[in-house]
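**Student:** this one's sequence-less:
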């Protein structure tokens, strides 16, 4: 019986077994354990809504960070960049009285300029990203305090909607109908994508996974979405699905698609996996590096603006330590320090692991210093587990429904042996 | 055979999950001989040597290793080295940033109270490198000497460890003719001083030259041990044992159909990327006809690879100047992307470092040089990707369970087929092949030659760069020789002999009929 069971699991996961879902399982375990320890508070609607709003910034940053890390770089400046953009936007709103829409556009433009600045040094001058963004961390933290005079700036409610607001609701009844509608759309979209994918495979005469795997997948995912819908819809009156969650969700879908399905996404993996080989295949590694750094800063700007909305103000210590949250989420999510490996989906799971861990521990009233220690240990153990899996020759990707992104780990030997004398700029910043 | 036995491996069986790498392999090595191990890639040669040297510790394999009259139970390399067994791997284990001395003494630095005695180390290093015929300053950094000399440093390091049994895994794979000669002479010299050697090699002519005995492995089993001194050993006999059949010819038959001149390079000058005063290519010109296989012969360092890469989107060197004409019109190829668009493909010399992203699956690697072809609006069509990769897998008979398999798990020959698929997918008019069969076993070589011939038959021009003269002579229609960045000669295959090529490869004198 157990043999049949493991064989079925193997088919379900596309021949790779359950190891790749280990972080998803870990997330479920964390949720269940805290749900019991906090006597039901963890999965209480108001808490879940709060986690999404409070930690949306980690989700948004993790998306950009995983792309940076896949390309073989790192970005230490995201917290400072987020804070810098946040304070400028807050200034625009409270001092210059700009309309929220214009202030947001201003924030995005500043993010892009900051990204272009850092991308220039990384891609064209070839200063290691570690150094460029370490400098950026200092520069933009200082810039934040310079612009904001090191004092908080409050922002108007019309703006705060993006961080603290909820999707509009309509009708009456015990649940938020807007959230129910959103959940229904998500379930239908999921079924349509799966059915169309299968239909296309049939049309192209490609190999098709057994029908039951699709059904199991749809049932499990559908149950998760419906449970989430129920949670968000049954919160306190006046609450529904948070706008910050919509922003994060849209970015996850867009960037998940970009990294998995587009030429640009492929090229990021190529540059991070073997920069020299990528260049000899016609990939312009400079522009890839440039855009990856630019993109990260734009996402940091979005994270910063959402956070300002959530906390109704921009302060001088916003974004402190965010880079470490984002980097930790990406590595918990299965990315490799040496580049070339990682997924948006895995990083989001990693971000949720870290978010619910912090949230659960603080609900239990555990001191923040201890929370920090526990988070550090979780990061260490998660990555150690991943490394162990790799040395056992198993694929290491901890991903979430990533059928097409199979990236088996190269053996250590393969990676360790670099012929002498071959200029390989990809190794400089690892 | 009067010498005593130094090593006997009895019924060695080694299994990896799902694979039996060695099954009941036995071999006997006599003291003071050079014992060659031949076999195709994947035959188990390297695995056997790793068992012997303790890389796979005692207990992970079955069977006995009897060395110096005793059953040995090595649990790591350190123990086997203490017993005098030193293995030199195909991929050298030297640290590029450290000096020759530091590398030789790495892990066994002469010290007093934990303080390294560099004066003594240096003196000993001088003696050791003199023994292997190196005249370098022992303070030289490893990265600044060539692969051939690095190989010698490895041997010096082994000598320092008081080696009794030296294992060399493909020692000449990355060396040029002259360096190989020197290395083989050195091994023969060590034999006279009582050092026994086991040598794994794909180069049958070398085995034939220096080995006393040859053990042939195939599919993890011992096929036979041939005694060279009894005579009657030739390359054909070795190949028969390795592949289990005789290869009628090492090169597949081909009827060259050569068309008009379509690719021409003129006044090509390239400066070294680090030293702009050094010209790696000086005002050269050459051409390729449709359907023609053009060989480029030259010693390593002669500038063959540099020339090829400078053509391929100026990805090598600085201040490249000159004109490239294709089909009579001058084309501009300022970067790799434009070279690919103009129908030029380049299969690099180093598969792992330059040819493949080892994290890729077969299908990802196959389409990686021309993603635009299978994408619409920047979105890659993953079904088409699968089908194209599968098409090439079947066409080139790449051994893999599916195109979802990672390229890092493939053997060298199959990796090379993936690289060839990648460039065939770009549908080039001119394909530059830089050492396309390096580190590939005889059977796979034959297949790769067949693929090259097919491509030429389709009317593509092929530039074949190789260090192996038999390969160039067997495959090319015309051969250019290069010496120190200059094209010294152009010889028709019919007129080419190893002798006249070697003359033009080592001097600027012209021999054969110049064209």
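**Tutor:** Received the coordinates, thanks. Predicted model, so just to flag it, every value in this text is computed and none were measured. Numbering: from 1, shown residues only, chains lettered A, B, ... in the order given.
**Student:** Minimum distance to chain B, which residue of the stretch 151-300 of chain A gives it?
**Tutor:** Going by Cβ to the nearest Cβ, chain B is nearest to residue A:273 of the stretch 151-300 of chain A, at 3.7 Å. C-beta here means a position set from N, CA and C on the backbone, and glycine is covered the same way.
**Student:** Next one: the residue nearest to that residue when sequence neighbours are not counted, what pLDDT does it get?
**Tutor:** Setting aside the residues directly before and after it, residue A:273 is nearest to residue A:340 in space (Cβ to Cβ, 6 or more residues apart in numbering or on different chains), at 3.2 Å. Note for residue A:340: predicted pLDDT of 90.
**Student:** if I read this right, residue A:340 contacts residue A:268, doesn't it?
**Tutor:** No. Applying Cβ atoms under 8 Å, one finds residue A:340 not in contact with residue A:268, separated by 9.1 Å.
**Student:** Touching both of the two, which residues are there?
**Tutor:** Both residue A:340 and residue A:268 are in contact with residue A:70, where contact means Cβ atoms under 8 Å, 6 or more residues apart in numbering or on different chains.
**Student:** shouldn't residue A:263 be in contact with residue B:378?
**Tutor:** Yes. Counting by Cβ under 8 Å, residue A:263 does reach residue B:378; the two are 5.2 Å apart.
**Student:** Between these two, which is the more surrounded one?
**Tutor:** The neighbour comparison of residue A:263 against residue B:378 (other Cβ atoms under 10 Å in any protein chain shown) goes to residue A:263, with 17 against 14.
**Student:** OK, contacts around that one?
**Tutor:** So residue A:263 contacts B:371, B:372, B:375, B:378, B:379, B:380 (Cβ under 8 Å, 6+ apart).
**Student:** Backbone dihedrals for the fifth one, please?
**Tutor:** Main-chain dihedrals, residue B:379, degrees, to the nearest 10: phi -100, psi 120.
**Student:** Can you name the residues of the stretch 151-300 of chain A that neighbour chain B?
**Tutor:** By Cβ under 8 Å from any Cβ of the partner chain, the residues of the stretch 151-300 of chain A that approach chain B are A:200-201, A:204, A:206, A:261-267, A:269-270, A:273-274, A:276-284.
**Student:** tell me the domain ranges of chain A?
**Tutor:** Listed by automatic domain parsing, the domain ranges of chain A are A:18-165+A:242-427, A:170-238.
**Student:** Deepest-packed of these, please.
**Tutor:** domain A:18-165+A:242-427 (a mean of 21; mean count of other Cβ atoms under 10 Å in any protein chain shown).
**Student:** Helices along the stretch 201-350 of chain A, start to end?
**Tutor:** Applying DSSP state H, counting those that start in this stretch to the stretch 201-350 of chain A gives helices spanning A:211-233, A:243-261, A:263-273, A:275-279, A:285-311, A:322-332, A:344-363.
**Student:** the bottom helix or strand of chain B by mean pLDDT?
**Tutor:** helix B:235-243 (a mean of 75; mean pLDDT, DSSP states H and E).
**Student:** Centre of the chain to that one, how far?
**Tutor:** 20 Å (Cα atoms, centre = their mean, to the nearest Å).
**Student:** packing partners for that helix?
**Tutor:** Packed against helix B:235-243, as judged by 3 or more Cβ pairs under 8 Å, 6 or more residues apart in numbering or on different chains; DSSP states H and E, are the following elements: strand B:34-38, helix B:204-210, strand B:213-218, strand B:221-227, helix B:442-457.
**Student:** Which stretches in chain A count as strands?
**Tutor:** Listed in chain order, the strands of chain A (DSSP state E) span A:153-154, A:313-314.
**Student:** Poorly predicted segments of the stretch 301-450 of chain B, please.
**Tutor:** Per-residue confidence of the stretch 301-450 of chain B (counting by pLDDT under 70) places the weak regions at B:301, B:317-318.
**Student:** Would you map the helices across it?
**Tutor:** B:304-311, B:336-341, B:362-367, B:382-396, B:412-425, B:442-457.
**Student:** Check the stretch 101-250 of chain B too.
**Tutor:** Under DSSP H, counting those that start in this stretch, the stretch 101-250 of chain B gives helices at B:118-131, B:147-160, B:177-192, B:204-210, B:235-243.
**Student:** for these, which one ends up most surrounded?
**Tutor:** Sort the helices of the stretch 101-250 of chain B by mean neighbour count, taking mean count of other Cβ under 10 Å, and helix B:147-160 sits at the top with a mean of 22.
**Student:** So which elements touch that helix?
**Tutor:** By 3+ Cβ pairs under 8 Å, 6+ apart, helix B:147-160 packs against strand B:85-88, helix B:100-104, helix B:118-131, helix B:177-192.
**Student:** okay if I get those as JSON lines plus mean pLDDT and distance to chain A?
**Tutor:** Output for the helices and strands packed on helix B:147-160, formatted as JSON lines (pLDDT from 0 to 100; distance: least, Cβ to the nearest Cβ, whole Å):
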{"stretch": "strand B:85-88", "mean pLDDT": "90", "distance to chain A": "14"}
{"stretch": "helix B:100-104", "mean pLDDT": "90", "distance to chain A": "12"}
{"stretch": "helix B:118-131", "mean pLDDT": "89", "distance to chain A": "17"}
{"stretch": "helix B:177-192", "mean pLDDT": "88", "distance to chain A": "15"}
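**Student:** Residue B:442: which of these is closest?
**Tutor:** helix B:177-192 (17.9 Å; Cβ to Cβ).
**Student:** Report the distance from that closest one to the chain centre.
**Tutor:** For helix B:177-192, the distance to the chain centre is 18 Å (Cα atoms, centre = their mean).
**Student:** other SSEs contacting that helix?
**Tutor:** By 3+ Cβ pairs under 8 Å, 6+ apart, helix B:177-192 packs against strand B:34-38, helix B:147-160, strand B:165-169, strand B:196-200, helix B:204-210.
**Student:** shaky segments in the stretch 1-150 of chain B?
**Tutor:** B:1-2, B:17-19, B:41-42.
**Student:** near chain A, which residues of it?
**Tutor:** So far as Cβ under 8 Å from any Cβ goes, the stretch 1-150 of chain B lies against chain A at B:17, B:91, B:94, B:96, B:142, B:143, B:147, B:150.
**Student:** which one of the helices of the stretch 101-250 of chain B lies closest to residue B:67?
**Tutor:** Closest among the helices of the stretch 101-250 of chain B, using Cβ to Cβ: helix B:147-160, at 16.2 Å.
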